[in-house]
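Engineer: what follows is a predicted structure for the sequence shown.
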Amino acid sequence: MPLRGRLAPTPTGLLHVGHALTFARAAERAAGAGLVMRIEDLDRDRCRPEYAAAALDDLRWLGLDWTEGPDVGGPHAPYEQSRRGAWFLDVWRRLEAAGAIYPSPHSRRDVEEAASAPHGPATGSDPTPPEPIFPAALRPTERERASSPGGVAWRFRVPDGRVISFDDARLGRVARTAGVDFGDFVVWRRDDLAAYELAVVADDHAMEIEEVVRGADLLTSTARQLLLYEALEWQPPQWCHAPLVVDAEGRRLAKRSGGLAIRELRARGLSPADVLRWPAV
């Protein structure tokens, strides 16, 4: 049964074949139920409007179509996260009022150097490089109330030891343990921008997304986001984590992999059907 989905490119470079194939899967699964295009351009230093325009053009060339967002119109268009700061701040206030988050002046280096900061394991189903677990010793002992983020990073306090599980349309039952696979995570950055986890949850809820289709490297991120849905008392979407695209040697393809941008494949004379038949390229 088709479910309302979304395409969410991050315009930090030209659209890569790996992301394009995941987007094609999302479009196929959402066919007939509505598909939202959302530009996730919160990274002020790396996101470029020319990359966003190129991504839209490449996806159209591949035959993908969406029903809401840039180039379409609709009640909330354009869906560009850089324009949705007021909404993200409202969500931050809800989390702060619930006591789910706290200000954290500690840098990534502080966390890495903490003696009690183990690294969450990288698993075969989630090949994201392991990150240091935020140590409980760096959590504040008292709650600090605030009316605004105040130029400091804010973290979500995870329930240590709790297993967060969900059903994935491709992988079946997936589980992650808070405090073991991931620790307290950033929801608001010190440069006064919403962090990825908060922005994605806020927008998927606002845009009534019923199924999120994305790469298998984000399985642990899904566990984090489920905790945000719970704290906000929102119904989470369903999930489908697509396999990562690899080269002939089994290495994961990334944006930095040369010659694999859709724009470059088009210049080589490949057709949309050729690209969507990867790895036959």
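Structural biologist: Nice, thanks for sending it over.
Engineer: helix or strand right after the worst-scoring helix or strand of the chain on mean pLDDT?
Structural biologist: The helix or strand of the chain with the poorest confidence is helix 108-113; it has a mean of 80 (mean pLDDT, DSSP states H and E). Later in the chain than helix 108-113, the nearest helix or strand by DSSP states H and E is strand 154-156.
Engineer: so which bits of that following strand are buried?
Structural biologist: 154-156 (16 or more other C-beta atoms under 10 Å). Heads up, the C-betas are built off the backbone N, CA and C, glycines and all.
Engineer: what does it contact?
Structural biologist: Residues outside strand 154-156 that contact it (C-beta atoms under 8 Å, 6 or more residues apart in numbering) are 92, 95-96, 100-104, 134, 184-188, 197, 224, 227-228, 231.
Engineer: give me the neighbour count for Glu112.
Structural biologist: For Glu112, the neighbour count with other C-beta atoms under 10 Å is 11.
Engineer: what's the domain layout of this structure?
Structural biologist: 1-83+246-281, 84-237 (automatic domain parsing).
Engineer: just how off-centre is stretch 210-220 within its chain?
Structural biologist: 8 Å (C-alpha atoms, centre = their mean, to the nearest Å).
Engineer: and it, end to end?
Structural biologist: 19 Å (C-alpha to C-alpha, to the nearest Å).
Engineer: quick check: buried residues in it?
Structural biologist: 210-220.
Engineer: now stretch 172-182
Structural biologist: 174, 176-182.
Engineer: so which of those are in strands?
Structural biologist: Mapping the buried residues of stretch 172-182 onto strands (DSSP state E) picks out 174, 176-177.
Engineer: just the pLDDT for Asp126.
Structural biologist: pLDDT, Asp126: 57.
Engineer: what is the least confident helix or strand of the chain packed up against?
Structural biologist: Here helix 108-113 touches no other helix or strand, going by 3 or more C-beta pairs under 8 Å, 6 or more residues apart in numbering; DSSP states H and E.
Engineer: list the buried residues for that helix?
Structural biologist: Val111.
Engineer: give me the contacts around it.
Structural biologist: 117, 132, 134-135, 138.
Engineer: tabulate the CA atom coordinates of that helix in CSV.
Structural biologist: In CSV, the C-alpha atoms belonging to helix 108-113 read as follows (Å, rounded to 0.1, in the frame of the first residue of the first chain):
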residue,chain,number,x,y,z
ARG,A,108,33.1,17.0,20.4
ARG,A,109,36.7,17.1,21.6
ASP,A,110,35.5,17.2,25.2
VAL,A,111,33.4,14.1,24.6
GLU,A,112,36.2,12.3,22.9
GLU,A,113,38.6,13.0,25.7
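Engineer: tally of neighbours for Asp191?
Structural biologist: So Asp191, with other C-beta under 10 Å, has 9 neighbours.
Engineer: for it, what are phi and psi?
Structural biologist: Per-residue torsions, Asp191: phi -90, psi 20 (degrees, to the nearest 10).
Engineer: roughly how far apart are it and Ala202?
Structural biologist: 18 Å (C-beta to C-beta, to the nearest Å).
Engineer: report how many residues lie close to Leu276.
Structural biologist: 18.
Engineer: ok, it - contacts?
Structural biologist: Here Leu276 is in contact with 21, 24, 62 (criterion: C-beta under 8 Å, 6+ apart).
Engineer: can you list the buried residues in the helix or strand where the second one lies?
Structural biologist: For Ala24, the enclosing helix or strand under DSSP H and E is helix 17-30. By neighbour count, and taking 16+ other C-beta under 10 Å as the criterion, the buried residues in helix 17-30 are 17-27, 29-30.
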